[in-house]
Each structure stands twice: as structure tokens, then as C-alpha cells.
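Novice: Turn this into a model:
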Amino acid sequence: MKLTRRLLWALPVAGALAATGTLLSQRGDPPQPPEAENGKANVGQLKPAVNLPITQVILFNSGVGHFTRSGEVDGDARVDLTFPEQDVNDLIKSMTLRDLSPNGRVAAVTYDSHDPIDRTLASFAINLNHSPPLAQILTQARGEQVEVTLVSTANQPGSLTGKIMGVEQQSVPSKDGPPTAVSVLNLWCADGVRAVKLGEVQRLRFANPVIENEVRRALETLALSHDAQKKAVSLHFTGEGRRKVEVGYVVENPIWKTSYRLVLREGKPYLQGWAVVENPTDEDWAKVTMALVSGRPISFKMDLYDPLYVARPTVEPELFASLRPPTYNGAILGKPAMTPPAPVAAGGAAGVPLGAAEAPPATNFSMGFAPAGGGYGGSGGARGLAAKRFADDVSRKLKKDMELGQSVQSVAAASALGDYYQYVIDRPVDLARQKSALLPIVNKDVEGTRVSIYNPAVQPKHPLLGLKFKNTTGMPLTQGPVTVFEGSVYAGDTRVLDLQPGEERLVSYALDLGTEVATKPGKNTSRITSVKAVKGIVHTSTLVREERVY
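Specialist: Okay, the predicted model is just below:
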């Protein structure tokens, strides 16, 4: 029944299309796309998808990344992208599209259902689930007209045109063994039923362009579903000529990290900072513009991918008891006819020429249901005119509501970062899929003074070698590990927290084994306690003074 409904719906369109179709080939040349008739493309004749590479990547410390794709399209175009299923919610929430030409606009964004691919394939007129053989495909298309090209022999024509009746298995005698089963295609042709062995079919073409469109869309669905963990997203643009388009979206991405190298030397220490970025996608980043933002914008997830339904109350229709149909007795022979009753109120019965022993009161029609004039058809013309007027009014409203803007635009200024700070990589970045990279972001002299830091809770015997470090780079430094070098020799590791420009911080990187600390209590250790009572409340304070000699 699904196939029948699809074909009936498409009949008004099919008359204006060329009678060409999808070729199903067992051997010989591959099928060619159908030609357009009178310069107009057939239904389902889709242009190849346009590739939009990633051109800009902005990474944040909050676990997301803002990606921008840009490129050129020509005329009406479709861009196919694939994303992991867990990224579709972020995509729906954040995607922006721009057609940068006044001659073009964004048409729509379509994406795969949450249902498995098997259910999607089952919705097409030809179900391609589980790689069906040609015999099963033809069985699904029973009743469709096809053109069959056969292997040329002396006993049969080169091609046949007819409607598919079905595919059956026939036993064919074999010279050297038992009979073999052969699939035979039964066609209803102009000269009757013809049986064609599928093994002799070289090429087969559907004449119905609706079936062609269904098969082509099913094949596109299969092509976009090779990775079961990913979902396909298609972007549709409409317009004229070649023009530039941009697509942006925010999805989950590893945070970018920093690591530093601090060289202690004569004069000012030298600080070098590296950013650690990762490409966890299945797409290479080629010549992308990259920016690293040292901020944590609020970001959250919301389930927009799964269908959501709202429970509605069930209202029972109001029921009325039906009237029993009245019955009438026939006339009694030999007796005069009954006198008609007096007329009743308007809308009532006009009397019964024959006896009506069981007739109900004539006022049954007085509630507004009485036929006016010449029976029930008297107001049919007025009702039809009102229905047509209502349909025309709805049609005008629908047309008015669908007049959307010429393009969807989104404008973002790179300088509007608020309290954030961004590191813009000054050259294009190449990073292959599933790879990571170290990018230099800081290379400057800083101010620092060597110190020894003693804390008996950390090390009671030796102080720590340290540095009183001041951030004079002019940019914020995000938290990360610091590897310290004395000249060209490794001296130790330390860690720095987020440091704003001009802020000072102590860092320690090694034990000062050349210095040993001995402590003893001093002579001026004292303890003073005072007690004070005020309005029935006693206040006690204790002052302890401890002196320690290092």
C-alpha cells in the first residue's frame, strides 16, 4: 500500500517529466543519469554536493570550539556534512548560515532522523535494506513499467518494454547434472506476457521518474550512512551564479592547554609558552585560521534532537440518541381515505395521505432540520461557494506567511570578546585528523628575582629554589606547567595558575640543597589572656607571641 500511495501522489507531476528512470545493471556499461527534457531537470536529479572545508577554528577553555566553513557555490546547491551523533544537539542549538551574495539565500537545513538507517530505508518505495538482489528489487516494483535490454541472440529481441508482473523461479534442465533454478522476470508487453531470464538481462530501466527519485534518495542515504556513529546534515542554498557562503557552529571539543619553558640567565628570564591543540575530528584542518580564547563562556547541552511530545487530554464527543424510523400502514380496501390533519407550524409535516398508525408527531422536523424549498439539495450551491471562498482565503494566508527574508545572516565582531583574551595564530595551521599540535604563543623576556622559599610544612630542612615572577608579557597567562632551565640545563618543574598582566607570583622549582635550615624557639615567647564581661556576656581573648630563630 505504501508504494501505491506514493505513486498516486506523484501522478500530477509525472505527466510533465521525461519518461526516463534509474538503470539497474547486472553487467555491461554502468547506468547513466537521465537526460533533462526541454531544459528542465527530472524529479530527483540532484546536483553533486558541494564541499565546504573548515577555514576557521576558535577554541575555548570551556570544552567547546567554534568552527567556520566557507566556500563557493553555484546556483542552487547542497552541502553535505557528517557529525557524530552526540554533536547534533549542539549543532541544532548553535548553527549559523550566511549566503554572502544578494542573489542567494539559505533555503533549509535537513538532518538524519534519530531512527536507525534501516527504518529510513524502509520508508522509500524500493527498500534497499540488507542488500537485496535484483529479483527482490523487481518484486517490490510490481506493476511498474520497465525497459529491459537483453543480451543479443538470434532467438529474442534486443530490448523489451512492459510492466512487471513478478519474478519466479523455474527449473532448467542441465546436461551434466540435476536441473538448476533460474530467476525469470515476467513482463506484460504489448504483444502479451513475456518471460525473460534475469541472467540474460544486460540493463533495466524504470520508466516512472518517481521510482527513479526514490531509488536515488535511498542510495544517497546509504552513501551518507557508512559510519553508523555519524549523522548526515545537508545545507541547502538557492540563488544565481557563483557566490560565497559560510557556515558556523559550536560543538564539543577538547580544551586547549598551555605549557611553558622558563630560562634563567644573566639579566631577565626568558619565557616561552606553547598552546596544545587537538583535532579530534575525522577531517583534516588545512590552512585554517586559528584563535585560542582564554575565557570560559557558559555552555550547556540541551536535547533538541529527540522528538518531544506533549500529553493532550482525550475529549469524548457528545452523543445523541438517534430517532427510530417511522413506519406507515397501507390503505384498507373498501374504506374511504383518512382525512388529512390540520396544518402544523412551519417546518412540520404536511400530512400523510395514507393512514399513519405509528407515525411520530410531525414536529420532529421543527428544530431547524426541515428541508427548505425543493428538498435537501436546495442550499448545496451556497455551501459549495462558501467552501471555495474559505479555501481561497486559507491559500492566500499560507502564501503570505511563507514570504521569508532573502537570506539568514549572522554578524559577529571579533573584537567583542568582553573580558576574554584571545591568542590569534599569525599563520595558517595544518593539522591532520586525530592529531595534536604545539603552537608557540609566548616568546618574551619577563621580570624575575631569584629567591629561596622556606616552608617547614613542605620541607623542614631545606628551602626551595624559587623565583619572584612578574608577568610583563602584556597578555594573560593561562595555568599550566613550567619547565625551568638554568642556562641550557634542566633545573626543575613548577606550575603557575592564571596570571594577569602585571601580576606577581612566587614559583618554586627545586630543593636548595646548599642551604640547610635549623630552627629553635626564641626567648620572647609569651601568652597573654584577657577576660571582659559586658552586660552579662564574657569575652575572652588570647594573644600568643612566638619567636623562632632560623
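Novice: which SSE is Leu308 in?
Specialist: Under DSSP states H and E, no helix or strand contains Leu308.
Novice: do you know how far it is from Met302?
Specialist: Going from Leu308 to Met302 by C-beta to C-beta, to the nearest Å gives 11 Å. (C-beta placed from N, C-alpha, C; glycine too.)
Novice: got it, and Leu319?
Specialist: Distance of Leu319 to Met302, computed by C-beta to C-beta: 44 Å.
Novice: what's the answer for Lys535, then?
Specialist: 58 Å.
Novice: Of those two, which one has the most company?
Specialist: Between Lys535 and Met302, Met302 has the larger neighbour count (other C-beta atoms under 10 Å), namely 9 against 4.
Novice: can you give me phi and psi for the residue nearest the centre of the chain?
Specialist: The centroid of the chain falls nearest to Tyr111 when counting by C-alpha atoms, centre = their mean (4.3 Å). According to degrees, to the nearest 10, the main-chain angles of Tyr111 amount to phi -150, psi 160.
Novice: okay, now the residue lying closest to Lys435 once chain neighbours are set aside: neighbour count?
Specialist: Nearest residue to Lys435 in three dimensions, chain neighbours excluded: Asn279, at 5.5 Å (C-beta to C-beta, 6 or more residues apart in numbering). Asn279 has 22 neighbours, counted by other C-beta under 10 Å.
Novice: How about Glu547?
Specialist: 11.
Novice: got the buried residues for whichever strand in the chain runs longest?
Specialist: For the chain, the longest strand by residue count, based on DSSP state E, is strand 159-172. Neighbour-count burial for strand 159-172, counted by 16 or more other C-beta atoms under 10 Å, picks out Leu160, Gly162, Ile164, Met165, Val167.
Novice: out of these, which one sits closest to Val293?
Specialist: Ile164 (61.4 Å; C-beta to C-beta).
Novice: check contacts around that closest one.
Specialist: Leu138, Ala141, Arg142, Gly143, Glu144, Gln145, Val146, Leu185, Asn186, Leu187 (C-beta atoms under 8 Å, 6 or more residues apart in numbering).
Novice: packing partners for the helix or strand hosting Ala437?
Specialist: Per DSSP H and E: Ala437 is located in strand 435-445. If contacts are counted by 3 or more C-beta pairs under 8 Å, 6 or more residues apart in numbering; DSSP states H and E, strand 435-445 sits against strand 257-264, strand 270-279, strand 285-293, strand 429-431.
Novice: could you redo the last one with a cut-off of 7 Å?
Specialist: Where contact means 3 or more C-beta pairs under 7 Å, 6 or more residues apart in numbering; DSSP states H and E, strand 435-445 is packed against strand 270-279.
Novice: name the helices or strands packed onto the strand it packs on?
Specialist: Packed against strand 270-279 by the contact rule (3+ C-beta pairs under 7 Å, 6+ apart) you find strand 257-264, strand 435-445.
Novice: Can you give me the buried ones in the first one?
Specialist: Buried residues in strand 257-264, counting neighbours by 16+ other C-beta under 10 Å, are found at Lys257, Thr258, Tyr260, Arg261, Leu262, Val263, Leu264.
Novice: Equivalent analysis for the last one, please.
Specialist: Judged by neighbour count using 16+ other C-beta under 10 Å, the buried positions of strand 435-445 are Ala437, Leu439, Ile441, Val442.
Novice: so what's the residue nearest to the second one when sequence neighbours are not counted up against?
Specialist: In other words, Leu439. Spatial nearest neighbour of Leu439, chain neighbours left out: Ala275 (4.7 Å); criterion: C-beta to C-beta, 6+ apart. By C-beta atoms under 7 Å, 6 or more residues apart in numbering, the contact list for Ala275 reads Trp256, Thr258, Leu292, Tyr423, Leu439, Ile441.
Novice: how close does the first one get to Ala275?
Specialist: Taken as C-beta to C-beta, the spacing of Trp256 relative to Ala275 amounts to 5 Å.
Novice: any residues in contact with both of the two?
Specialist: Counting by C-beta under 7 Å, 6+ apart, the residues touching both Trp256 and Ala275 are Leu292.
Novice: show me where the chain has helices.
Specialist: Applying DSSP state H to the chain gives helices spanning 2-14, 88-94, 117-122, 134-140, 209-223, 380-401.
Novice: what about the nearest residue to Val88 once chain neighbours are set aside, distance to Lys230?
Specialist: What sits nearest to Val88 in space, not counting adjacent residues and going by C-beta to C-beta, 6+ apart, is Tyr305, at 4.8 Å. Separation of Tyr305 from Lys230 (C-beta to C-beta) stands at 13 Å.
Novice: May I ask you to confirm that Phe60 is in contact with Leu292?
Specialist: No. Using C-beta atoms under 7 Å, Phe60 makes no contact with Leu292, being 8.3 Å away.
Novice: Which residues are in contact with each of those two?
Specialist: By C-beta under 7 Å, 6+ apart, no residue touches both Phe60 and Leu292.
Novice: which ones are touching Ala286?
Specialist: Pro53, Asp430.
Novice: quick revisit: filter the contacts of Ile164 down to just the buried residues.
Specialist: The neighbour count (16+ other C-beta under 10 Å) marks Leu138, Ala141, Glu144, Gln145, Val146, Leu185, Asn186, Leu187 as buried among the contacts of Ile164.
Novice: Show me where the chain dips below the pLDDT cut-off.
Specialist: 1-48, 153-157, 227-228, 330-384, 387-388, 390-391, 393-419 (pLDDT under 70).
Novice: mind putting the buried residues of strand 159-172 in TSV, distance to Tyr270 included?
Specialist: Output for the buried residues of strand 159-172, formatted as TSV (distance: C-beta to C-beta, whole Å):
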residue	distance to Tyr270
Leu160	84
Gly162	85
Ile164	80
Met165	86
Val167	80
